[in-house]
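>>> return atomic coordinates for the entry below.
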Amino acid sequence: MLKSFFSKYYQLFIVIAVFSIVSCNDDANKKSTDDATAPVAPAAPMITGTLDHLLVDTAEFRNLDQKQNVVFSFTFGELDTVTLHGWSFKGSGAAFDTFPNIKLLKGAPSSFSYGPGVYFRNVVLDKKDVEKIINLFRTTKKVHYVLFAPEVSPIGGISYNIFLSDSSHSVFVKATAAADAIANPSPPKNY
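Predicted coordinates for the structure are as follows:
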C-alpha cells in the first residue's frame with residue numbers, strides 16, 4: 001500500500017520539492033539584491049576651511065559701548081566663510097539685544113584652518129580693550145579699519161589678534177598699529 005501511495009503521488013512530490021527549492025533561492029536572491037540596492041545614507045560632510053582675517057570700519061567699531069565686554073559668536077556665511085557677529089554684554093542675567101551690535105566682514109584668508117578638533121565657541125573682547133582700541137583711533141593717523149587676525153591654539157581654541165589699519169587688503173603689511181588686544185575664546189557662559 002505504501003508503494004502505491006508513493007507511485008500515485010510521486011510526481012506531485014517532485015513538483016512541490018522543486019517549487020520549494022526555487023522559492024527559497026528566490027527569497028535569498030531577493031534579499032541579497034535588496035541589500036545591494038538599498039540606499040545608503042551619505043556620510044555627513046566634514047566642516048573644514050580656512051579662517052579669514054576679519055575687519056570692520058572704525059566708524060562702526062566706535063559705536064560699541066566702551067563700558068561693556070563684546071561677546072562674538074561665529075556665523076557661517078556664503079561660500080563657507082566664517083565670520084563673527086558681536087553683542088555688548090550687559091551683565092549677568094540681562095538679555096542681549098536681538099540684533100548684533102557689530103558685524104565683522106570677510107578679509108584676506110589666513111594661514112589658519114578649522115576642522116576636527118577646533119572649538120567654535122564665543123569669543124570675548126574685554127571692555128578695557130574696546131576702550132583702548134577706540135582711544136588709539138585718536139592718536140593713530142589714517143586708521144580706517146579694525147582688523148581681527150585669527151589664531152588657533154594648540155588645544156583648538158580660536159582667538160583673534162587685533163590691529164588697526166589704513167587698508168582692508170593686507171593685515172600684516174599695512175597694519176599701522178598693533179592694538180595690543182586679543183579677543184579670547186570664552187569658557188561656556190563665563191563673560
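>>> domain assignment for the chain?
Domain assignment for the chain by automatic domain parsing gives 1-40, 49-185.
>>> quickly, which of those domains bottoms out on average pLDDT?
Lowest mean pLDDT within the domains of the chain: domain 1-40, a mean of 55.
>>> what residues does stretch 101-108 touch?
Residues outside stretch 101-108 that contact it (Cβ atoms under 8 Å, 6 or more residues apart in numbering): 52-56, 60-61, 63-65, 70, 72, 77, 81, 83-88, 147-148, 168-171. Where you see a C-beta, it was placed from the backbone N, CA and C, and this is true even at glycine.
>>> what's the end-to-end length of it?
End-to-end distance of stretch 101-108: 23 Å, with Cα to Cα, to the nearest Å as the criterion.
>>> equivalent analysis for stretch 67-87, please.
Rule used - Cα to Cα; the end-to-end distance of stretch 67-87 is 13 Å.
>>> ranges for the strands of the protein?
49-57, 70-76, 82-88, 102-103, 105-114, 123-125, 145-152, 158-165, 175-185 (DSSP state E).
>>> okay, those strands in TSV with distance to residue 137 and mean neighbour count next?
Output for the strands of the chain, formatted as TSV (distance: least, Cβ to Cβ, whole Å; neighbours: other Cβ atoms under 10 Å):
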stretch	distance to residue 137	mean neighbour count
strand 49-57	11	20
strand 70-76	16	18
strand 82-88	18	21
strand 102-103	15	17
strand 105-114	18	16
strand 123-125	15	23
strand 145-152	9	23
strand 158-165	7	22
strand 175-185	10	18
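>>> nearest to residue 95, out of those strands?
Residue 95 lies closest, by Cβ to Cβ, to one member of those: strand 82-88, at 10.0 Å.
>>> name every strand pairing with that closest one and say which way it goes.
Sheet pairing of strand 82-88 (DSSP bridges) gives strand 70-76 (antiparallel), strand 102-103 (antiparallel).
>>> and the angle for the first one with strand 49-57?
What it means is strand 70-76. With axes from the mean of the first three to the mean of the last three Cα atoms, to 10 degrees defining the directions, strand 70-76 sits at 130 degrees from strand 49-57.
>>> coming back round to it: looking at the strands paired with strand 82-88, which is nearest to residue 135?
Here strand 70-76 is closest among these (Cβ to Cβ), at 15.7 Å.
>>> just the angle between that closest one and strand 105-114, please?
Using the same axes, to 10 degrees: strand 70-76 against strand 105-114 is 80 degrees.
>>> what's strand 70-76 in contact with?
Defining contact as Cβ under 8 Å, 6+ apart, one finds that strand 70-76 is touched by 64, 82-89, 96, 101-102, 104, 120, 122-125, 127, 130, 158, 183, 186, 191.
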